[in-house]
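Enquirer: turn this into a model:
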Amino acid sequence: MSDEVKLLDFWGSPFAARVRIALAEKGVSYELQAEDIFGGKSDLLLTSNPIYEKVPVLLHDGKPVVESTNIVYYIDETWSTQGPQLLPACSYGRARARFWADFIDKKVFDTGCNIWKGQGEELELAKKEFIDILKKLDGALGDKDYYGGDKFGFLDVLLIALSSWFLAYEKYGGFTIEEESPKIAAWMKRCSERASVVKGLPDSQQVCELVGTIRKMHGLE
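Expert: Predicted coordinates:
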């Protein structure tokens, strides 16, 4: 199988971070093409993802795969004999993983962004909703080290990538993950020790600065 792999990427995108982490877990070599999502997106990005026109896009032998959760699925299936298996082996485990993946995709990032976008009552409602989401994710984790059980897996990849924006939510929401969900905070620390996460996750402080820039662009500060 040919392994001509290119990732259309933006450094601060938590969704692109998912792909970087998954590729690192699998030990897949790839070419990275950085995109200027605020200035001018490349023709390659626009033609590879004409529906949403956004990163990440994984190009494998010139064929585009889009949407981060879908890309992580693809990586795990395509390089199934290389590196650890990210998805559970049993059908029930995979069904459960798909359920929580859908929950994470629909809830975590958008609600978190409503914190730094909001003011007054809107901010407080977004913070309350985000903390409730953390509690649900806390319950899903249970007493396990990882969402994949005793091994770092599919759901861990999806959620730890989004955690790169959590510091910004804490800053503008006036709360801490440690206080609201110690179990999730401990899980984040555990994940952050993995080489793939160290390599693939954007720096949280730089993300905070990025959020500040976006807020100024939208007249929020």
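
Enquirer: how far is the longest helix seen in the chain from where the chain is centred?
Expert: For the chain, the longest helix by residue count, based on DSSP state H, is helix 91-117. In terms of CA atoms, centre = their mean, to the nearest Å, the centre of helix 91-117 is set 10 Å apart from its chain centre.

Enquirer: can you dump the C-alpha atoms of the very next helix or strand once past it in PDB for me?
Expert: Next along the chain after helix 91-117, taking DSSP states H and E as the criterion, comes helix 120-141. Taking Å, rounded to 0.1, in the frame of the first residue of the first chain, the C-alpha atoms of helix 120-141 are listed here in PDB:
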ATOM      1  CA  GLY A 120     -23.200  38.200  31.300                       C
ATOM      2  CA  GLU A 121     -26.000  35.700  31.500                       C
ATOM      3  CA  GLU A 122     -25.000  34.000  28.200                       C
ATOM      4  CA  LEU A 123     -21.500  33.400  29.600                       C
ATOM      5  CA  GLU A 124     -22.900  31.900  32.800                       C
ATOM      6  CA  LEU A 125     -25.300  29.600  30.900                       C
ATOM      7  CA  ALA A 126     -22.500  28.400  28.700                       C
ATOM      8  CA  LYS A 127     -20.200  27.800  31.700                       C
ATOM      9  CA  LYS A 128     -22.900  25.900  33.400                       C
ATOM     10  CA  GLU A 129     -23.600  23.700  30.300                       C
ATOM     11  CA  PHE A 130     -19.800  23.100  29.800                       C
ATOM     12  CA  ILE A 131     -19.400  21.900  33.400                       C
ATOM     13  CA  ASP A 132     -22.400  19.600  33.000                       C
ATOM     14  CA  ILE A 133     -20.800  18.200  29.900                       C
ATOM     15  CA  LEU A 134     -17.600  17.500  31.900                       C
ATOM     16  CA  LYS A 135     -19.700  15.700  34.500                       C
ATOM     17  CA  LYS A 136     -21.200  13.400  31.800                       C
ATOM     18  CA  LEU A 137     -17.700  12.700  30.400                       C
ATOM     19  CA  ASP A 138     -16.500  12.100  33.900                       C
ATOM     20  CA  GLY A 139     -19.200   9.400  34.300                       C
ATOM     21  CA  ALA A 140     -18.300   7.900  30.900                       C
ATOM     22  CA  LEU A 141     -14.700   7.600  32.000                       C
END
